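> need a structure here:
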Amino acid sequence: MTYCLAISVNKGLVLASDSRTNAGVDYVATYSKMSRYIFEDNRSLTLLTSGSLATSQAVINAIDADLDDPDVEFDISKGKHLHEVAQYIGRLSQREQTLHNSAMERSKSSNESSFILGGQITGQPSEIFLIYPQGNFIAASPETPFLQIGENKYGKPILDRMISPNTSLEDAARCAIVSLDSTIRSNISVGPPIELAIHKENVIESPYHSVLGQNSPMYKSVQKQWNEGLKQAFQRLPRFEWEKSR
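Numbering: from 1, shown residues only. Predicted coordinates for the structure are as follows:
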């Protein structure tokens, strides 16, 4: 399991992911869930993955192979709209799953993967899409300007309370870190390092990218201040009537 999220605000996009692929008593493995693609003066894209690592890697490999093939009909550098790229990734995912369906059914295993695609094409607004294992996809909305894949329930409350289209990019990035940290604290299958990518609206360039390890000063400071802030807020909650007389 993993946890990835993308946030869309007026000033751009924030995408974040954990890096854990396996977790057990004596075995923990990490692998980046984030791939970034920049085509100068054309488009800047970030792709997050969750689910079967074999399927996710196969899709990434297929994307790279198509980019190296001058005769390919479509790749992520083509298409006027970002939803066309989302359709293409959905097709790659479905193709890879179909190749191994029989074997996976016999072993009663799942080879499904989900993806979040975010970025901007020149002349178009920045967008984020959640691509389901079935190949179809949805976009974020002004009412719910964020998307999640993987172990999403622990990190959703802060996004519900804090994120709106008017949230600054910096605050959105801090929310993403807290959202991931809340999940890491509650689920062993999600773990650091945290990867963060920030796309500025109407800026077609490589996004700001950061990797926050367990001992990263920024990550440790966010953890500490968030924990202390929660405790202080809890202590300020209203008292019950019977407590007031004590």
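> partners of Gly150 in the sheet?
Beta-bridge pairing for Gly150 (DSSP bridges): Tyr3.
> Next one: it from Thr21, what distance?
For Gly150, the distance to Thr21 equals 11 Å [CB to CB, to the nearest Å]. For glycine as for every other residue, the C-beta is placed from the backbone atoms N, C-alpha and C.
> Looking at the two now, which is surrounded by more residues?
Higher neighbour count among Gly150 and Thr21: Gly150, with 23 against 17, using other CB atoms under 10 Å.
> Least confident secondary structure element in the chain?
strand 20-23 (a mean of 66; mean pLDDT, DSSP states H and E).
> so what's Ser19 up against?
Residues counted as contacts of Ser19 (CB atoms under 8 Å, 6 or more residues apart in numbering) are Thr30, Tyr31, Ser32, Lys33, Gly191, Pro192, Pro193, Ile194, Glu195.
> among those, which two are most distant?
Across the contacts of Ser19, the longest distance by CB to CB is 13.5 Å; it joins Tyr31 and Ile194.
> And those two? Which one has more around it.
Set Tyr31 next to Ile194 and count neighbours by other CB under 10 Å: Ile194 wins out with 27 against 13.
> ok, now which ones touch the closest residue to the more buried one other than its chain neighbours?
Once flanking residues are discounted, Ile194 sits nearest to Leu212: 4.4 Å by CB to CB, 6 or more residues apart in numbering. For Leu212, the contacting residues are Ile177, Pro192, Pro193, Ile194, Glu195, Leu196, Met218, Tyr219, by CB under 8 Å, 6+ apart.
> so the third one makes contact with Gln214?
Yes - applying CB atoms under 8 Å, one finds Pro193 in contact with Gln214, separated by 7.3 Å.
> that older thread, distance-wise, check the residue nearest to Ile194 relative to Met1.
20 Å.
> can you check Tyr154 too?
According to CB to CB, Tyr154 and Met1 sit 11 Å apart.
> Which residues are in contact with each of the two?
Common contact partners of Tyr154 and Met1 (CB under 8 Å, 6+ apart): Asn187.
> any low-confidence regions in the protein?
Applying pLDDT under 70 to the chain flags the ranges 22-28, 246.
> Strands of that one, residue ranges please.
Assigned strands in the chain, in chain order: 3-9, 12-17, 20-23, 28-30, 34-39, 43-51, 113-121, 127-131, 137-139, 146-150, 194-200, 208-212 (criterion: DSSP state E).
> the inter-axis angle of the last one versus strand 12-17?
With axes from the mean of the first three to the mean of the last three CA atoms, to 10 degrees defining the directions, strand 208-212 sits at 30 degrees from strand 12-17.
> now swap in the fifth one and tell me
Computed by the same axes, to 10 degrees, the angle separating strand 34-39 from strand 12-17 equals 140 degrees.
> Can you list the strands that strand 34-39 pairs with?
Here strand 34-39 is paired, per DSSP bridges, with strand 43-51 (antiparallel).
> Likewise for the second one?
For strand 12-17, the pairing partners within the sheet under DSSP bridges are strand 3-9 (antiparallel), strand 194-200 (antiparallel).
> Single out the most deeply packed of those strands.
When the strands paired with strand 12-17 are scored by mean count of other CB atoms under 10 Å, the highest mean neighbour count falls to strand 3-9 (a mean of 27).
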